[in-house]
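Undergrad: Coordinates for the following, if possible.
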Amino acid sequence: MSNQHTTCSTWMRGVASTFASQGLDAAAFFVDAGLSISDLDDPDHRWPTENISRLWTLAAERSGNPAVALADPHLARPDLYSFIGYTMMSSPDLISGLGRLVRYHRLISDAATITLDETAGGRWVRLDAFSGKYPVPRQRYEFGLLTLLRFCRWMLGLPFTPVAAEFTFPEPAAHAPYDLAFGCPLRFDGAINAFLVSEEDLARKLPTAAPELAEFHARVADQALLRLDANGIAYRAREAIARHLQDGAPTRAGVAADLKLSERTFQRRLAEEDVSFTRLVDETRRELTQHHLANPRLAISEIAHLLGYSDQSTFFRACQRWFGEPPGEYRKRLLLRRT
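TA: Next up, the predicted model:
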């Protein structure tokens, strides 16, 4: 079984529809990104994250529109969230609905995470995407955040406006698509990709709330998570490894305990997925390195610490092995691609 991060077909149908709505040849983009658009008809098909990144890069390049992901900013697409959308809609208020999305998001995609970061006056609804071998193009963040904002507005039945929105990439030359899509103060070259929702809006009741259905939807989602976890120990192990990196190199015994498994069972489950613990630690560090180096506000010494390296020289050697160059040079190339 592959341990690559993947996304569900309902989400990818939304991506294809976004291209088609602009008169773009979605099928050709899919083929050139190593994907087949006919797989959209298979509800159980999972789409590899590296190809999705390539797909968005091709769409931006060939359309000549870097803001291709922000098309139709007022069009709500609840269908993208599969049955998780129903779980959210049946929640009593917006914060509960978002909380359920956080809990069940990997059923939609384990190629990204949604978190709710507390701050004064509200929560940052934050999106983090996994890159694999290639950097995540800004369009993946734009599409993910705007789609979620649309869905929140649709559930509330109100055109509410975020307090602010923040993006890690440089300020684009054309501001209008962002102003139209988010309608709030924007910050670029930031630390996160997120939009800020006020406490007042988070507490708003959902007209779609259905207590009698909420429990049923949660049970269905919990069962789906159990099936996913039973078949995806590598993904859960990556999450545990990432949590413990700051404490140094994670151990197999420590991660197994975090997953509430014996070390022997953990090792057997990894072998069933044809992946070693050493490889998981290395791949997790590589992905997080790409993510952190794309943030110019983080010093290289700080990144080395976040990834559990006891000295910078070891981190430099790892970057040389992964990327063929030191972290500073790789960062320059990352930032150059985003301009």
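Undergrad: Look up how far P73 lies from the nearest residue to T161 once chain neighbours are set aside.
TA: Counting by C-beta to C-beta, 6 or more residues apart in numbering, T161 lies nearest to G183, which is 4.7 Å off, once chain neighbours are set aside. Using the backbone N, CA and C atoms, a C-beta is placed for each residue, glycine as well. Applying C-beta to C-beta, to the nearest Å, the value for G183 to P73 is 9 Å.
Undergrad: and the residue nearest to T161, what pLDDT?
TA: pLDDT recorded at G183 is 95.
Undergrad: Then the one 4 residues further on?
TA: For R187, the pLDDT comes out at 96.
Undergrad: Kindly report the same for the one 10 residues further on.
TA: Residue-level confidence at V197 comes out at 98, pLDDT.
Undergrad: Around it, how many other residues sit close by?
TA: Residues contacting V197 under the criterion other C-beta atoms under 10 Å number 25.
Undergrad: what's near enough to touch the closest residue to it other than its chain neighbours?
TA: Leaving aside its chain neighbours, V197 sits nearest to G122 (5.3 Å; criterion: C-beta to C-beta, 6+ apart). By C-beta atoms under 8 Å, 6 or more residues apart in numbering, the contact list for G122 reads 163, 196-199, 201-202.
Undergrad: Check which residues of stretch 63-81 are buried.
TA: By 16 or more other C-beta atoms under 10 Å, the buried positions in stretch 63-81 come out as 63, 65-71, 73, 77-78, 80-81.
Undergrad: from these, which ones fall inside helices?
TA: Counting by DSSP state H, the part of the buried residues of stretch 63-81 found in helices is S63.
Undergrad: Quick check: bridge partners of the residue nearest the centre of the chain?
TA: With distances taken as C-alpha atoms, centre = their mean, the residue of the chain nearest its centroid is A112 (2.1 Å). Using DSSP bridges, the bridge partners assigned to A112 are A129.
Undergrad: That one against V102, yeah?
TA: No - with contact defined as C-beta atoms under 8 Å, A112 does not reach V102; the gap is 11.6 Å.
Undergrad: got the contact list for the residue nearest to F277 when sequence neighbours are not counted?
TA: Among residues not flanking F277 along the chain, R252 sits closest, at 4.7 Å (C-beta to C-beta, 6+ apart). Residues near R252 by C-beta under 8 Å, 6+ apart: 263, 266-267, 277.
Undergrad: So which of those residues wins on neighbours?
TA: F266 (23 neighbours).
Undergrad: Find the nearest non-adjacent residue to that residue, please.
TA: Using C-beta to C-beta, 6+ apart, the closest residue to F266 is A256 (3.7 Å).
Undergrad: now Q22
TA: Closest to Q22 by C-beta to C-beta, 6+ apart is A71, at 5.3 Å.
Undergrad: so how far is the lowest-mean-pLDDT helix or strand in the chain off the chain centroid?
TA: Least confident element among the helices and strands of the chain, by mean pLDDT, DSSP states H and E: helix 211-230 (a mean of 76). Taking C-alpha atoms, centre = their mean, to the nearest Å, one finds helix 211-230 lying 21 Å from the centre of the chain it belongs to.
Undergrad: do the same with stretch 113-132
TA: Counting by C-alpha atoms, centre = their mean, stretch 113-132 comes out at 10 Å from the chain centroid.
Undergrad: what does stretch 201-217 give?
TA: Worked out by C-alpha atoms, centre = their mean, stretch 201-217 lies 24 Å from the chain centre.
Undergrad: Same check on stretch 38-50?
TA: Relative to the mean C-alpha coordinate of its chain, stretch 38-50 is positioned 17 Å out (C-alpha atoms, centre = their mean).
Undergrad: Mean confidence (pLDDT) on that stretch, please.
TA: 89.
Undergrad: what does that stretch rub up against?
TA: 2, 4-13, 16, 35, 111, 129-134.
Undergrad: Quick one, which of the residues you listed are buried?
TA: For the contacts of stretch 38-50, buried by 16+ other C-beta under 10 Å: 4-13, 16, 35, 111, 129-132.
Undergrad: Can you get me the start-to-end distance on stretch 205-214?
TA: By C-alpha to C-alpha, to the nearest Å, the extent of stretch 205-214 from end to end equals 14 Å.
Undergrad: picking up where we left off before, which element is the residue nearest to F266 on?
TA: Following DSSP states H and E, one finds A256 within helix 252-258.
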